[in-house]
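Visitor: Here's my sequence, what's the structure:
(one chain, ligands or ions: 1)
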Amino acid sequence: MQLSIQARGLVKDYGKQRAVDGIDLDVAEGEFFGFLGPNGAGKSTTIKMLTGMLRPTQGQVLVAGYDMASQPLDVKRVIGILPEETSLYERLTAREMLLFAGQMYGLSRTETEERTRDLLGVMELASDSDKLIVDFSMGMKKKVALAAALIHRPRVLFLDEPFNGIDPISVRAIRDVLKALTEHGTTIFFTSHVMEVVERLCTRIAIIQKGKLVGQGTIAELREQAGEDGALEDVFLKLVSAEATHTENLTWL
Ligand SMILES: Nc1ncnc2c1ncn2[C@@H]1O[C@H](COP(=O)(O)OP(=O)(O)OP(=O)(O)O)[C@@H](O)[C@H]1O
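Guide: Below you'll find the predicted structure:
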């Protein structure tokens, strides 16, 4: 098994707070890997360390066989990132943004133009492609950012909440694009709070809580680990030991 992402003993401290507390991850090539956890569990912090945006306090990260600490540029050349908060040049149009991204990755002008046209089509942005990004809705911005992350055909794609704020038609289109990518060997590592999407797409899943992994494996393996036969949502709630909400305390409601 060829590994695309390998993390060993990953730790991140923000001052006195330990946000990620010694996690190990193994993600194989072509895998659709879901990374789940409650709010504040350490998902974004982990993704930032796996993509070289944040230096780990301790531990090692290998992506596509390259060591993040000593070969960061080799890693960055072969990965695509959709961060939780998109960072786009909003005074560019969607088309200009994608042309810029393609050329930054060293694609030829013709190749960049072809891929820009195809991506704008798939993301249902063709008719808005000459509008400034600053005037786009949140979902439209997310789609431009995703297209920019895909333009160089990354070997490993990191997506932090890719479906947040995206309408169902585009969710389906994006899902199909992501599936096609994994069929062509791209590895996808993504976080999401939408359990149905994760259940439908992921080959393996890791669950993080308070900075530590509380489960890692296929859905069947996680079900066994949790002793819970139901949907992924039930397995997740069991593994993070979520307690029932006590609305009876909200007497003023
Ligand atoms: N730059 C920062 N400085 C200080 N603390 C931070 C910083 N970024 C994150 N944290 C803290 O680290 C912990 C993990 O945060 P992180 O954003 O990784 O969680 P998450 O699992 O992505 O959450 P969510 O699902 O809400 O996006 C939280 O307690 C958060 O407050």
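
Visitor: switch to C-alpha atoms for all contacts and neighbour counts from now on
Guide: Noted.

Visitor: Which stretches in the stretch 51-200 of the chain count as helices?
Guide: Taking DSSP state H, counting those that start in this stretch, the helices of the stretch 51-200 of the chain run over residues 72-78, 94-104, 109-122, 138-150, 168-183, 195-201.

Visitor: Quick one: closest of these to the ligand.
Guide: Minimum separation from the ligand across these (CA to the nearest ligand atom) falls at helix 195-201, 13.1 Å.

Visitor: Show me which residues of the stretch 1-150 of the chain are close to the ligand?
Guide: Applying CA under 6 Å from any ligand atom, one finds that the stretch 1-150 of the chain approaches the ligand through 14, 19, 37-45.

Visitor: Drop anything exposed from those residues.
Guide: In terms of neighbour count (16 or more other CA atoms under 10 Å), the buried residues within those are 19, 37-38, 41-45.

Visitor: From these, which land in strands?
Guide: In strands, defined here by DSSP state E, the members of those are Ala19.

Visitor: would a markdown table of the buried ones among the residues of the stretch 1-150 of the chain next to the ligand with pLDDT and distance to Glu248 be doable?
Guide: Shown next, in a markdown table, are these (pLDDT from 0 to 100; distance: CA to CA, whole Å):
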| residue | pLDDT | distance to Glu248 |
| --- | --- | --- |
| Ala19 | 98 | 32 |
| Gly37 | 94 | 26 |
| Pro38 | 93 | 23 |
| Ala41 | 95 | 27 |
| Gly42 | 96 | 30 |
| Lys43 | 94 | 31 |
| Ser44 | 93 | 33 |
| Thr45 | 96 | 35 |
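
Visitor: taking the buried ones among the residues of the stretch 1-150 of the chain next to the ligand one by one, which sit in helices?
Guide: Among these, the residues falling in helices (DSSP state H) are 43-45.

Visitor: and Leu107, what is it in contact with?
Guide: Going by CA atoms under 8 Å, 6 or more residues apart in numbering, Leu107 touches His152.

Visitor: What helix or strand is Ile208 located in?
Guide: Using DSSP states H and E, Ile208 maps to strand 204-209.

Visitor: which is the next helix or strand following that strand?
Guide: Using DSSP H and E, the first helix or strand after strand 204-209 is strand 212-217.

Visitor: Can you list the buried residues in that next one?
Guide: Buried-residue list, strand 212-217, by 16+ other CA under 10 Å: 212-217.

Visitor: now the next helix or strand after that strand: mean pLDDT?
Guide: Under the assignment DSSP H and E, the closest C-terminal helix or strand after strand 212-217 is helix 219-226. The pLDDT scores in helix 219-226 average 93.
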